[in-house]
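Chemist: Make a model of this:
(one chain, ligands or ions: 1)
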Amino acid sequence: MIGFDYSMATAGVPASTIEEFGGRAEACNRMLEEGTGAGADFLGWVTLPGAVTQAQLQAMEEAADRLRAVAEVIVVVGIGGSYLGARAVLEALGDPFALLRRERSGPDVVFAGQNVSEDYLYALLVALEGRSVGVIAVSKSGTTTEPAIAFRILRGELERRYGKAGARERIVAVTDGCRGVLRELADREGYATFVIPDDVGGRYSVLTPVGLLPLAAAGVDIRALVAGARDMEAATASGVSFANNPAVRYAAARNALYGAGYKVEILGSYEPSLHYMGEWWKQLFGESEGKEGRGIFPASVTLTADLHSMGQYIQEGERMLFETIVSVDRPRYELRVAEAGDEDGLGYLAGRRLSEVNRMAEAGVALAHCDGGVPNLRVSIDRIDAYCIGELIYFFERACGISGYLLGVNPFDQPGVEAYKRNVFALLDKPGYEEEGRRLRERLRGL
Ligand code: PA5
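Modeler: Now for the predicted structure:
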């Protein structure tokens, strides 16, 4: 079960202040369950882990198996909430050196549609030559430019190679149940589809087919992932006391710190496989809280690597930071520092496990950062496997919903994301945006 500890946050706020926030955080947690807060139309994720049925899981596993049977490479097309969750889980659970393996146990899963880089997509098409390919296109709106462009190119490639009928067997769309261009296209072309529930927003959607289908295709045990999330749904329910509810405690602690002037939260981990969990977490909290001139700025580091780049700033830069460390109790494997004398000055470590060295680094850094005025929060998970990652995902989602309500914003909308999209459409002369395009070009010429 996930542990949460704020004893090292008291460098920034007294425990009594966090406890005061605790009462309000519990009320916000009840609002999530009762649907009485802002954005109540988007609370489907709250009960999602408990509501996913065996039939739904089986349908995703079967679709994944069909793709695995015809494809050596599966390209998952999506951006933001339609991308980061699957990528984060895959990186956490995957083999970091898969590229070096001659023998593969399943298809390679790669991502596209999260940028519009000509070089990225060109390189992908070249890399796909000679390999059989499947595509999972994920877009709730079905109109997002980046994945739409990537999907058009990849669909064209599949049709060129396999014909329309062959492409149909290799494409699965995950989108809205009835609206949007991707839904229309999928229905017209006869692609297999999975539905993103109306009441689950992009950044809360990893436990829907948005995340589960690509993960099943990659060979991840999605049942264990959902089981972890389901147990965390129970562990963070509003009936669970403040002392035992990690999501309420985390939300209370980070808001108490924010109130005391700590405006930036750095999520860190000493396991590099959790790097993309940091990316997913940044979207979850950044898009949920950053509005109306408010919100903690979410940043992330991978340790110990980033101590050699960001460590100086964290230790001695402007004092507006606090850290949340995702700590892993048990490594998957065992490796010790070799017994090889003391020529390299490491004799004192001989025979000791690397996980012990890593743990001491984590403890030493936390103390140093606290002493330097960076309060520390600690989220601990037992190990990195599908079950524990499922727990971690739901824990962060729940804490994020509570936190957003504590902050007084709607954590389930993202009105600010539209501003740049309008400008890009206008500058590219999308029909309907011509006048705006002329105005923007004038502005650019004047700069
Ligand atoms: O969290 C969100 O809502 C966004 O990040 C979206 O997921 C992202 O913009 C992609 O949208 P769509 O799935 O509609 O293509």
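
Chemist: Report all helices and strands that the helix or strand hosting Pro214 contacts.
Modeler: Assessed by DSSP states H and E, Pro214 sits inside helix 209-217. With contacts defined as 3 or more CB pairs under 8 Å, 6 or more residues apart in numbering; DSSP states H and E, the packing partners of helix 209-217 are helix 54-70, strand 73-77, helix 84-93, strand 133-139, strand 171-175, strand 192-195, helix 222-235. Heads up, the C-betas are built off the backbone N, CA and C, glycines and all.

Chemist: quick check: angle from it to helix 222-235?
Modeler: Put simply, helix 209-217 runs at 140 degrees to helix 222-235, going by axes from the mean of the first three to the mean of the last three CA atoms, to 10 degrees.

Chemist: want to throw the helices and strands packed on helix 209-217 into TSV with distance to Gly211, mean neighbour count and mean pLDDT?
Modeler: Listed next are these as TSV, based on distance: least, CB to CB, whole Å; neighbours: other CB atoms under 10 Å; pLDDT from 0 to 100:
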stretch	distance to Gly211	mean neighbour count	mean pLDDT
helix 54-70	10	16	97
strand 73-77	10	26	98
helix 84-93	4	25	98
strand 133-139	9	28	98
strand 171-175	9	27	98
strand 192-195	11	19	98
helix 222-235	8	21	98
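
Chemist: And these: which comes nearest the ligand?
Modeler: For those, proximity to the ligand was assessed by CB to the nearest ligand atom; strand 133-139 is nearest, at 3.4 Å.

Chemist: Please name every helix or strand in contact with the closest one.
Modeler: Identification of packing neighbours for strand 133-139 by 3+ CB pairs under 8 Å, 6+ apart yields helix 54-70, strand 73-77, helix 145-170, strand 171-175, helix 209-217.

Chemist: Give me the distance from the third one to the chain's centre.
Modeler: Offset of helix 145-170 from its chain centre (CA atoms, centre = their mean, to the nearest Å): 26 Å.

Chemist: before we move on, the earlier item: can you tell me which of the helices and strands packed on helix 209-217 is nearest to Leu121?
Modeler: Smallest distance to Leu121 across these (CB to CB): 10.2 Å, for strand 73-77.

Chemist: got a pLDDT number for the closest residue to the ligand within the stretch 151-300 of the chain?
Modeler: Taking CB to the nearest ligand atom as the measure, the stretch 151-300 of the chain has Gly202 as its residue closest to the ligand, at 2.3 Å. Taken from the predicted model, the pLDDT recorded for Gly202 is 96.

Chemist: Likewise for Lys421?
Modeler: Among the per-residue scores, Lys421 shows a pLDDT of 87.

Chemist: Now it: closest residue in space, sequence neighbours ignored.
Modeler: Beyond its immediate neighbours in the sequence, the residue positioned closest to Lys421 (CB to CB, 6 or more residues apart in numbering) is Thr145, lying 7.4 Å away.

Chemist: Val424 is in contact with that neighbour, correct?
Modeler: Yes - in terms of CB atoms under 8 Å, Thr145 counts as a neighbour of Val424; the distance is 6.8 Å.

Chemist: Please export the C-alpha coordinates of stretch 404-411 as CSV.
Modeler: As requested, C-alpha coordinates have been extracted for stretch 404-411 and formatted as CSV (Å, rounded to 0.1, in the frame of the first residue of the first chain):
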residue,chain,number,x,y,z
GLY,A,404,-7.6,21.4,-7.2
TYR,A,405,-10.8,21.8,-5.0
LEU,A,406,-8.6,22.9,-2.1
LEU,A,407,-7.1,25.5,-4.4
GLY,A,408,-10.5,26.7,-5.5
VAL,A,409,-10.3,25.9,-9.2
ASN,A,410,-12.1,23.4,-11.5
PRO,A,411,-9.5,20.6,-11.8
